[in-house]
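> Starting from these lines, generate the structure:
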Amino acid sequence: QVQLVESGGGLVQPGGSLRLSCAASGSIFSTMGWYRQAPGKQRELVASITRTSTGNTYYADSVKGRFTISRDNAKNTVYLQMNNLKPEDTAVYYCNVEDYIGNYYWGQGTQVTVSS
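Numbering: from 1, shown residues only. Coordinates of the predicted model:
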């Protein structure tokens, strides 16, 4: 049974930083990533990273240069370091992972609020 446990959300002032973590169990995952959903908006892919030795990454244009995704394969954990946060980054952030047979799994979501 696949389980995803997210942590690290919270309230931060503009320009601040947060680090999200998602610990996965129950399988090995080819791709791990983070989505976000703001009120009244569609869920969007923020960043993803593959399990390959090079750890290929993808970032949404809106977060390039500010967010960094990484993973620890030994711990089956993916991280999202978010720097220079902006009010428009406010959303519920969801961990998403894909196993090697094409199944996708979602975390429960963690709230990130950027406000002064």
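
> Show residues contacting stretch 41-51.
Identification of contacts with stretch 41-51 by CB atoms under 8 Å, 6 or more residues apart in numbering yields 28-37, 55-60, 63, 67, 69-71, 73, 78, 80, 91, 93-94, 96. For the C-beta atoms, the positions are set from N, CA and C on the backbone; glycine is no exception.

> mind listing what's buried in it?
In terms of neighbour count (16 or more other CB atoms under 10 Å), stretch 41-51 has its buried residues at 46, 47, 48, 49, 50, 51.

> Show the pLDDT at the second one.
Which is residue 47. The confidence metric pLDDT takes the value 98 at residue 47.

> In TSV, list the buried residues of stretch 41-51 along with secondary structure.
Shown next, in TSV, are those (DSSP: H, G, I helix; E, B strand; the rest coil):
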residue	secondary structure
46	strand
47	strand
48	strand
49	strand
50	strand
51	coil
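
> Redo the residues you listed as CSV? Include distance to residue 103.
Shown next, in CSV, are those (distance: CB to CB, whole Å):
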residue, distance to residue 103
46, 21
47, 20
48, 16
49, 18
50, 16
51, 15
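
> Mind jotting down where the helices sit in this structure?
Remark: helices of the chain are absent; assignment by DSSP state H.

> Could you pull out the strands in it for me?
Under the criterion DSSP state E, strands of the chain are mapped to 3-7, 10-12, 18-25, 29-37, 44-50, 57-59, 67-72, 77-82, 91-99, 104-106, 110-114.

> coming back round to it: any of the contacts of stretch 41-51 buried? List them.
Using 16+ other CB under 10 Å as the burial test, those include 29, 31-36, 59, 63, 67, 69, 71, 78, 80, 91, 93-94, 96 as buried.

> so the residue nearest to the spatial centre of the chain bridges to which residues?
Residue closest to the mean C-alpha point of the chain, counted by CA atoms, centre = their mean, is residue 34 at 2.7 Å. Residue 34 forms beta bridges with residue 47, residue 95, as assigned by DSSP bridges.

> Since that was my last question, I'll sign off now.
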